[in-house]
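Colleague: Structure for this input, please:
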Amino acid sequence: MVRGSGPLLKSAGAGISTALAEILVCPLSKQPLRLCEKTNSLISDTVGVSYPIVDGIPRLVPADGKILDADQHFNPPEAISTPQKIITSHLI
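Modeller: Next comes the predicted model:
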């Protein structure tokens, strides 16, 4: 381990930066993802899938995504006018 890297490793599990979250897109829909700090995940409002962030690394493999229930799925105001479609063939 490199000297001084301890603080970096300790904060790695805390999540990802908002700057990184702003440029990441859903691997299925290619639409922007929303950072949810409560669940430490990235959420695709377009397809209703949540991708976990593990040790500060987003797991954007479709097989790692979890389909959100209707009560867990939150559409921000700008996404309400977008038609919803669920792609499940890549999640199995």
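Colleague: Which helix or strand contains residue 42?
Modeller: Secondary-structure assignment from DSSP states H and E places residue 42 in strand 41-44.
Colleague: Sheet partners, orientation included, of that strand?
Modeller: If you go by DSSP bridges, strand 41-44 pairs up with strand 34-36 (antiparallel), strand 49-54 (antiparallel).
Colleague: can you list contacts of it?
Modeller: Strand 41-44 is contacted from outside by 21, 24, 26, 28-29, 31, 33-36, 49-53, 58, 60, 65, 68, 74, using Cβ atoms under 8 Å, 6 or more residues apart in numbering. Heads up, the C-betas are built off the backbone N, CA and C, glycines and all.
Colleague: Pull out the buried members of those residues.
Modeller: Buried members of those, scored by 16 or more other Cβ atoms under 10 Å, are 21, 26, 28-29, 33-36, 49-51, 53, 58, 60, 65, 68.
Colleague: farthest pair in those residues?
Modeller: Of all pairs drawn from the buried ones among the contacts of strand 41-44, the one with the longest distance (Cβ to Cβ) is 29 and 53, at 18.6 Å.
Colleague: average pLDDT for the strand holding residue 42?
Modeller: Averaged over strand 41-44, pLDDT sits at 96.
Colleague: Could you export that strand as PDB, CA atoms only?
Modeller: Taking Å, rounded to 0.1, in the frame of the first residue of the first chain, the C-alpha atoms of strand 41-44 are listed here in PDB:
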ATOM      1  CA  SER A  41     -27.000   2.900  -5.800                       C
ATOM      2  CA  LEU A  42     -27.500   4.400  -9.200                       C
ATOM      3  CA  ILE A  43     -31.100   4.300 -10.500                       C
ATOM      4  CA  SER A  44     -32.300   4.200 -14.000                       C
END
